[in-house]
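Engineer: Here's a sequence, model it:
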Amino acid sequence: MKVVIVGGVAGGASAAARLRRLDEKADIVIIERTGYISYANCGLPYYVGGVITDKEDLTVQTPEGFRSRFNVDVRVRQEVVSADTDAKKVRVVRLEDGSEYDEPYDRLILSPGAKAIRPDLSGVDSHRIFTVRTVEDVLEIGNAINDLSPKTAVVAGGGFIGLETAENLVERGIKVTIVQRPDQILATLDRDMACTLHSLFRKKGVTLELKASVTGFTTDSNIKTHLKDGRTLESDMVILAIGITPDTGFLKGSGIELGMKDSIVVNSHMETSVPGVYAVGDAVTVRNYVTGEDALIALAGPANKQGRIAADNICGIKSTSKGSQGTSVIKLFDMTAASTGINERSAQRLGIPYGKVYTYSASHATYYPGSRNMSVKVLYDPETGRILGAQIVGREGVDKRIDVIAAAIHAEMTASDLSELDLAYAPPYSSAKDPVNMAGYVIENVRSGLLEQYYWNDVDSLPRDGSVTLIDVRDPDEYAEGHICGFVNIPLDDIRGRLSEIPADRPAFLCCHSGLRSYIACRILMQNGIKCKNLAGGYRFYRTVVDDAPDDQSCLPCGKKK
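Structural biologist: Numbering: from 1, shown residues only. Just a heads-up that it's a prediction; the model follows:
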């Protein structure tokens, strides 16, 4: 059996290695357009920043090493330009000399990946404009930094690659401006969770041009980025990171069905519409595990799993893919942002009923030195309590918690299950009530009626005419440092003795630093016949979203000073 694999990196290389482990006699050929068969795509921005100094460290496996270990015919700097699925052959161009040949196959695995979007804008072909997609791309950027000694850069795009590249340029001493069409960076998060990152980047000296669109470029002594509103940004270099698109142009006319954005349509066995032809990685349409809808999820984890599944099926093992939930994590300066499942924006777009809670927890026991706070947002099905998605922004321990919730989503767990998870605890690592448990507790309180919530975007519309009671239960010194207009200060520890000041014939809206003390106050008032609601996420989250307040790690999660 001869298997030809178009493209290496994550999906293709994983498929080849699995094929060899299952079939020592198979004839396996990988055809890769770049000079690198398997490289650390996610590590490319860190080469730009000098965190990774040796380009060889970006290479997971060399062509020679792959040939030696797996007995695979690896052909780099060769590009498949068409596929004839009737004749079972692909047309290949040797990029070094332009010569062409046909390569026959018994089974075909397509792993062409995706290419960086380079929009059709004036001046986009300037030698000062770069993309970050391949090893060759970052080597070019590295050379440009060494040659030009840039002082300023514009990064067009605020997704994973754009933000990581911006961070690494800042670490090189370059002043960065990020231009982003939406009103937030990092679209895997909802805007309210991204606001902490906005404050972080501004604190690091990065200018954020949100709700701004690039219309073209002009190059002379430097490069000018022209914006839709008529302004011009001058810089020494530009990084294009506005997204990627499946690299499937060579499949037109092949008979292989293409779907959204010309991605390759596959079934649960990773097989295309043509029997014997499989596809994996960034170029394929996947099933969103939570919603069941078609999706494009360009992540290394799913690509590796898909490569294994394709190889299994070629070798007679009926492995299946259940889809992807898009679990991701990103380091941004000294913070970490992570998400899994669907966010609120996706739920609204798809008409999926959901509830949401915000919690603010410490990474480990607060009495053990070095704990850091994290913001957690969890979406759930209000009827069943099933967890639909989560987002976490913080520092230490974010990755651990998002992985637990990702596993919970895959297992279709509910909020009750989260609260009951038996998670590892020792003071340096967690708390007896882990942040994951805490999210489950809050959801269960809401679903059982022990707690009613209102949100940051409800605050400004609350009446200030006395028809409702607005109470801030923080301590007087906290209140004096800043509070929401119209909220009176009744500290939590005084509230039982001041019940007579709180009218029982009208609802009360309570807030505190993070929502913890005001929850306790709500329970006191509700059991005294006063209907009340708690500000989800608390005053500190409201200030983060509304006032662009920075993340404050000087307090315990409840708001008390450490």
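Engineer: can you count the residues close to the residue nearest to Phe160 when sequence neighbours are not counted?
Structural biologist: If you skip the residues right next to it in sequence, Phe160 has Ile330 as its closest partner in space, 5.8 Å away by Cβ to Cβ, 6 or more residues apart in numbering. Glycine gets a C-beta too; all of them are placed from N, C-alpha and C. Using other Cβ atoms under 10 Å as the criterion, Ile330 is surrounded by 21 other residues.
Engineer: helix, strand or coil for Ile330?
Structural biologist: When classified by DSSP: H, G, I helix; E, B strand; the rest coil, Ile330 comes out as strand.
Engineer: With Glu209 instead?
Structural biologist: Secondary structure state of Glu209, per three-state DSSP, is strand.
Engineer: ok, it touching Arg181?
Structural biologist: No: between Glu209 and Arg181 no contact is recorded; they are 9.7 Å apart, counting by Cβ atoms under 8 Å.
Engineer: who's more crowded, the two?
Structural biologist: For Glu209 and Arg181, the more surrounded residue by other Cβ under 10 Å is Glu209, and the numbers stand at 20 against 15.
Engineer: beta partners for that one?
Structural biologist: In this structure, Glu209 bridges to Val179 when assessed by DSSP bridges.
Engineer: Next, the contact list for it, please.
Structural biologist: For Glu209, the contact set (Cβ atoms under 8 Å, 6 or more residues apart in numbering) comprises Thr177, Ile178, Val179, Gln180, Leu227, Leu233.
Engineer: From those residues, list the buried ones, please.
Structural biologist: Thr177, Ile178, Val179, Gln180, Leu233 (16 or more other Cβ atoms under 10 Å).
Engineer: For Phe70, which non-adjacent residue is spatially closest?
Structural biologist: Of all residues not flanking Phe70 in the chain, Arg20 sits nearest, at 4.4 Å (Cβ to Cβ, 6+ apart).
Engineer: List the contacts of that neighbour.
Structural biologist: Arg20 makes contact with Ala26, Ile28, Phe70, Asn71, Val72, according to Cβ under 8 Å, 6+ apart.
Engineer: Going by distance to Ala406, which of the residues you listed wins?
Structural biologist: The shortest distance between Ala406 and any of the contacts of Arg20, using Cβ to Cβ, involves Phe70 and amounts to 30.4 Å.
Engineer: residue with max distance from the center of the chain?
Structural biologist: In the chain, the greatest distance from the average C-alpha position (Cα atoms, centre = their mean) is reached by Ser500, at 48.5 Å.
Engineer: How about the secondary structure of that one?
Structural biologist: Applying three-state DSSP to Ser500 yields a three-state assignment of helix.
Engineer: From Leu525, how far out is it?
Structural biologist: 12 Å (Cβ to Cβ, to the nearest Å).
Engineer: I'd say Val545 and Cys195 touch.
Structural biologist: Yes: Val545 sits in contact with Cys195 when judged by Cβ under 8 Å, with a separation of 4.8 Å.
Engineer: Please say which of these two ends up with more neighbours.
Structural biologist: A direct count of neighbours by other Cβ under 10 Å for Val545 and Cys195 places Cys195 higher, at 25 against 21.
Engineer: The more buried one - that's part of a helix, no?
Structural biologist: Yes: inclusion of Cys195 in a helix is indicated when three-state DSSP is applied.
Engineer: which residues touch it?
Structural biologist: Taking Cβ under 8 Å, 6+ apart, we find Cys195 in contact with Gln184, Thr544, Val545, Asp548.
Engineer: Just these: which are in helices?
Structural biologist: Taking DSSP state H, the ones among these that sit in helices are Thr544, Val545.
Engineer: Any idea which of the contacts of Cys195 the model trusts least?
Structural biologist: For the contacts of Cys195, the least confidently modelled position is Asp548, at 79, judged by pLDDT.
Engineer: of the contacts of Arg20, closest to Ile405?
Structural biologist: Phe70 (35.7 Å).
Engineer: Show me where the protein has its helices.
Structural biologist: 11-22, 44-48, 63-70, 135-148, 160-171, 191-203, 300-314, 344-350, 398-410, 415-420, 435-448, 476-481, 516-526, 538-547.
Engineer: could these go into JSON lines alongside distance to Tyr105?
Structural biologist: As requested, the helices of the chain are arranged in JSON lines below (distance: least, Cβ to Cβ, whole Å):
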{"stretch": "helix 11-22", "distance to Tyr105": "13"}
{"stretch": "helix 44-48", "distance to Tyr105": "30"}
{"stretch": "helix 63-70", "distance to Tyr105": "18"}
{"stretch": "helix 135-148", "distance to Tyr105": "27"}
{"stretch": "helix 160-171", "distance to Tyr105": "33"}
{"stretch": "helix 191-203", "distance to Tyr105": "45"}
{"stretch": "helix 300-314", "distance to Tyr105": "11"}
{"stretch": "helix 344-350", "distance to Tyr105": "38"}
{"stretch": "helix 398-410", "distance to Tyr105": "34"}
{"stretch": "helix 415-420", "distance to Tyr105": "46"}
{"stretch": "helix 435-448", "distance to Tyr105": "47"}
{"stretch": "helix 476-481", "distance to Tyr105": "68"}
{"stretch": "helix 516-526", "distance to Tyr105": "61"}
{"stretch": "helix 538-547", "distance to Tyr105": "54"}
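Engineer: Tell me which of the ones you listed sits nearest to Gly276.
Structural biologist: The closest of the helices of the chain to Gly276 is helix 300-314. By Cβ to Cβ, the value is 8.4 Å.
Engineer: pLDDT weak spots in the protein?
Structural biologist: Per-residue confidence of the chain (counting by pLDDT under 70) places the weak regions at 38-41, 59-60, 562.
Engineer: wait, Arg287 sits on Leu296?
Structural biologist: No: taking contacts as Cβ under 8 Å, Arg287 lies outside contact range of Leu296: 11.3 Å.
Engineer: Run through the residues that contact the residue nearest to Leu296 when sequence neighbours are not counted.
Structural biologist: Closest residue to Leu296 in three dimensions, ignoring its sequence neighbours and counting by Cβ to Cβ, 6+ apart: Ser263, at 5.7 Å. For Ser263, the residues meeting the contact criterion (Cβ under 8 Å, 6+ apart) are Pro246, Thr248, Ala283, Val284, Thr285, Leu296.
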